[in-house]
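Novice: Dropping the sequence and predicted coords here.
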Amino acid sequence: MAKICLCLTAKTIKRNLEILNKYRKYTDLAELRVDCLDADERLYIRRFPELAKLPVILTIRRDVDGGYFSGGEGARVKLLANGLAYANADSRFNFAYVDIEDDFDVPSLEEAARTFGTRIIRSFHSLNGITEDIPKKIKSMQRSGDEIVKVAVAVKSTNDVLKVFQASKSCTAQDKILICMGHYGIYSRILAERFGSFLTYSSALSESEVAGAPGQMDVRELAELYRFREITNKTNVFGVVGYPLKASVSPWFFNTVFKLENNNAVYVPFPSDSITDLLKIAKGLKVRGLSITVPYKEAVLPELSKLSPAVQSIGACNTMSYSDEGWCGDNTDCTGFSASLLEFIGRKNLKHKKITIVGAGGVARAVASEVYRLGGKALILNRTVHKARNLALQYNFRWGGLDTQGIETISKYCDIIIQTSSVGMDGYEPQSKGTEQGSALDPLELYSFTGKEAVMDLIYTPAVTPFLKRAMIAGCKTINGYDMVIRQACLQYTRFTGSEIPEKLLLQVNTSGANTWNKVRSA
């Protein structure tokens, strides 16, 4: 079973021990990053394994490999030798592992390490994506049978992750550590066992020290939320696909539910720039179900073997389940949205209501469909006007752009205003700094709320966007998207597992109400 390694990057031995002791219960071994230590602190590394009281990796990472050691190779060799010197007959007092690069060639030091039971991790770092034949590289690096081969790639795309995963399957006989550094590779760290990796590196991200490498996860989150140590080949894997995917409540929600019901399952984020490549990885990882979010709710349709009536009608999919027939698509946004909205406004339908829908993407499609089904009349506004027009024509709704003319039309459709775009969401990257079609963080900046509108922003992270804040200040009744996302997630849970979440368990998950997720994130 893959292990959790806590990467220690503090400037002093004392501070590293403080961090280790604070997070000890979450980690199986530690990596002492000597390159991060102050120069005078490097003189005392030999005693660290004894003080740490658990297996420790000795690492002095060069700056060319993404580390902080900029001295000459001779000085680095001397530091490594000092760390391995005066080996104790009791291996607990020695470094359990030493990380040395593929181009490092000091046979005497390596022999000394082996003599006293220090296992060599032979590493290769590619900071520019896939630059070599990874399977060939893995097979060529191991110089003796007891070595662990480590390949760390700063992945630039989902296709890079796919290549690393494929490499793991072609080198199953070797002990190895495979790391996809960066945001695209986060799931390779959580599912290290499925990637055939000996361990996964983590950091104490709530501390002030730098992370050991780009994309390293918080050690506590890895151990507690994702239950890393319980993930085996029998664990059912689910996840959420999208981009940038930095503000999704779904991993927290599903993993909390799985933990409370003692379900051998995990739900992981799959940030991706290619839905096709991601689904290849998902098949290899034996993923059972996926939540689909921005920007793939429409793009994923060609990948589906079976479409539910809702997907066929709406033209967008947010839920995928894998079966012998392939990927089956469904849409739970529609029901989650309408249930949340109707409770918010205290009605059973939308008859005689004039509604503005901001956005024309996958979520807007579900919203428009439900507004029509419930008897409402709507105006659809979008930065890209032809998308608003195409969606509106399906339901005989009005449409327009986020320009002055479109904003003026809202006055005739202002009973309810529903914001469905990603503008204002944490992790959102504005296409511009703001134009006559709205600001970079408020799509309706040109609209002045009267205070009589009911306003729903489907974003929930942050809990209050600039758009929603303006509405609140004007006296409008407001709600964010947290309630909707939990409702649709409950429906996804049923699609994934075949059973409903017990009401009692749901109350346990959601005890803090609509701000639960934001409270967790700020804790």
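Specialist: Yep, that arrived.
Novice: what kind of secondary structure is the nearest residue to Arg389 once chain neighbours are set aside in?
Specialist: Spatial nearest neighbour of Arg389, excluding adjacent residues (C-beta to C-beta, 6 or more residues apart in numbering): Trp399 at 4.8 Å. Any C-beta I mention is one placed from the backbone N, CA and C, and that applies to glycine too. State at Trp399, reduced to three classes by DSSP: H, G, I helix; E, B strand; the rest coil: strand.
Novice: where's Trp399 relative to Gly74, distance?
Specialist: 70 Å (C-beta to C-beta, to the nearest Å).
Novice: Between these two, which has more neighbouring residues?
Specialist: Per other C-beta atoms under 10 Å, whichever of Trp399 and Gly74 has more neighbours is Trp399, with 22 against 8.
Novice: ok, how many other residues are close to Glu50?
Specialist: 13.
Novice: Now the helix or strand that contains it - C-alpha only, CSV.
Specialist: In this structure, Glu50 sits in helix 48-52 according to DSSP states H and E. Taking Å, rounded to 0.1, in the frame of the first residue of the first chain, the C-alpha atoms of helix 48-52 are listed here in CSV:
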residue,chain,number,x,y,z
PHE,A,48,17.6,13.9,12.4
PRO,A,49,16.4,10.3,12.0
GLU,A,50,16.9,9.6,15.7
LEU,A,51,15.0,12.7,16.6
ALA,A,52,12.3,12.1,14.1
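Novice: What is that helix packed up against?
Specialist: Counting contacts by 3 or more C-beta pairs under 8 Å, 6 or more residues apart in numbering; DSSP states H and E, helix 48-52 packs against helix 13-22, strand 29-33.
Novice: Make a markdown table from those and add mean neighbour count, mean pLDDT and distance to Pro502 to it.
Specialist: Shown next, in a markdown table, are the helices and strands packed on helix 48-52 (neighbours: other C-beta atoms under 10 Å; pLDDT from 0 to 100; distance: least, C-beta to C-beta, whole Å):
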| stretch | mean neighbour count | mean pLDDT | distance to Pro502 |
| --- | --- | --- | --- |
| helix 13-22 | 18 | 98 | 35 |
| strand 29-33 | 24 | 98 | 38 |
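Novice: Which positions in stretch 154-169 come out as buried?
Specialist: Residues of stretch 154-169 classed as buried by neighbour count (16 or more other C-beta atoms under 10 Å): 154-155, 157-165, 167-168.
Novice: what's the helix or strand just after the helix holding Glu50 in contact with?
Specialist: The helix or strand immediately downstream of helix 48-52 is strand 56-59, counting by DSSP H and E. Outside strand 56-59, the residues that touch it by C-beta atoms under 8 Å, 6 or more residues apart in numbering are 5, 29-35, 45, 48-49, 67, 80, 83-84, 95-99, 118, 121.
Novice: Strand 56-59 - what's its average pLDDT?
Specialist: Averaging pLDDT along strand 56-59 gives 98.
Novice: who's in contact with the following helix or strand past it?
Specialist: Moving toward the C-terminus from strand 56-59, the next helix or strand (DSSP H and E) is helix 73-84. For helix 73-84, contacts defined as C-beta under 8 Å, 6+ apart pick out 34, 42-43, 45-46, 58, 60, 62, 69, 94-95, 98, 100, 106, 109, 112-113, 116, 118.
Novice: May I see the buried residues of helix 73-84?
Specialist: By neighbour count on 16+ other C-beta under 10 Å, the buried set for helix 73-84 is Arg76, Val77, Leu79, Leu80, Gly83, Leu84.
Novice: for stretch 88-103, same thing?
Specialist: Asn94, Phe95, Ala96, Tyr97, Val98, Asp99, Ile100, Glu101, Asp102.
Novice: ok, now stretch 409-426?
Specialist: So stretch 409-426, judged by 16+ other C-beta under 10 Å, has buried residues 409-410, 413-426.
Novice: For it, list the C-alpha coordinates in PDB.
Specialist: What follows is stretch 409-426, C-alpha atoms only, in PDB (Å, rounded to 0.1, in the frame of the first residue of the first chain):
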ATOM      1  CA  THR A 409     -34.200  44.800 -20.900                       C
ATOM      2  CA  ILE A 410     -33.800  43.200 -17.400                       C
ATOM      3  CA  SER A 411     -36.300  45.700 -16.000                       C
ATOM      4  CA  LYS A 412     -39.000  43.700 -17.700                       C
ATOM      5  CA  TYR A 413     -37.600  40.400 -16.400                       C
ATOM      6  CA  CYS A 414     -36.600  41.200 -12.900                       C
ATOM      7  CA  ASP A 415     -38.800  39.100 -10.600                       C
ATOM      8  CA  ILE A 416     -35.900  36.700 -10.300                       C
ATOM      9  CA  ILE A 417     -32.400  37.100 -11.500                       C
ATOM     10  CA  ILE A 418     -30.300  33.900 -11.800                       C
ATOM     11  CA  GLN A 419     -26.500  34.100 -12.400                       C
ATOM     12  CA  THR A 420     -25.200  30.900 -13.900                       C
ATOM     13  CA  SER A 421     -21.800  31.900 -15.300                       C
ATOM     14  CA  SER A 422     -18.300  31.300 -13.600                       C
ATOM     15  CA  VAL A 423     -17.700  35.100 -13.200                       C
ATOM     16  CA  GLY A 424     -16.800  35.800  -9.600                       C
ATOM     17  CA  MET A 425     -15.900  32.200  -8.700                       C
ATOM     18  CA  ASP A 426     -12.700  31.400  -6.800                       C
END
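Novice: avg pLDDT for that stretch?
Specialist: For stretch 409-426, mean pLDDT is 95.
Novice: ditto for stretch 140-151
Specialist: In this model, stretch 140-151 has an average pLDDT of 90.
Novice: That stretch spans what distance, first to last residue?
Specialist: Criterion C-alpha to C-alpha, to the nearest Å; first-to-last residue distance in stretch 140-151 is 12 Å.
Novice: Buried residues, that stretch. List them.
Specialist: If you call a residue buried by 16+ other C-beta under 10 Å, then stretch 140-151 has these buried ones: Met141, Gln142, Glu147, Ile148, Val149, Lys150, Val151.
Novice: One more: stretch 129-142?
Specialist: Ile130, Ile134, Pro135, Lys137, Ile138, Met141, Gln142.
Novice: centre of the chain versus stretch 48-63, how much separation?
Specialist: Chain-centre distance of stretch 48-63: 28 Å, with C-alpha atoms, centre = their mean, to the nearest Å.
Novice: Next: stretch 402-420.
Specialist: 34 Å.
Novice: what about it, start to end distance?
Specialist: From its first residue to its last, stretch 402-420 covers 13 Å (C-alpha to C-alpha).
Novice: Which ones among the contacts of helix 73-84 lie within helices?
Specialist: Leu109, Ala112, Ala113 (DSSP state H).
Novice: residues contacting the first one?
Specialist: By C-beta under 8 Å, 6+ apart, the residues touching Leu109 are Val77, Leu80, Ala81, Leu84.
Novice: ranges for the strands of the stretch 351-500 of the chain?
Specialist: Remark: strands assigned in the stretch 351-500 of the chain by DSSP state E, counting those that start in this stretch are 354-358, 377-381, 398-400, 416-419, 434-435, 438-439, 454-457, 477-479.
Novice: Not counting its own residues, what contacts the fourth one?
Specialist: Counting contacts by C-beta under 8 Å, 6+ apart, the residues outside strand 416-419 that touch it are 341, 345, 350, 353-359, 367, 376, 410, 443-444, 453-459, 465, 467-468, 471.
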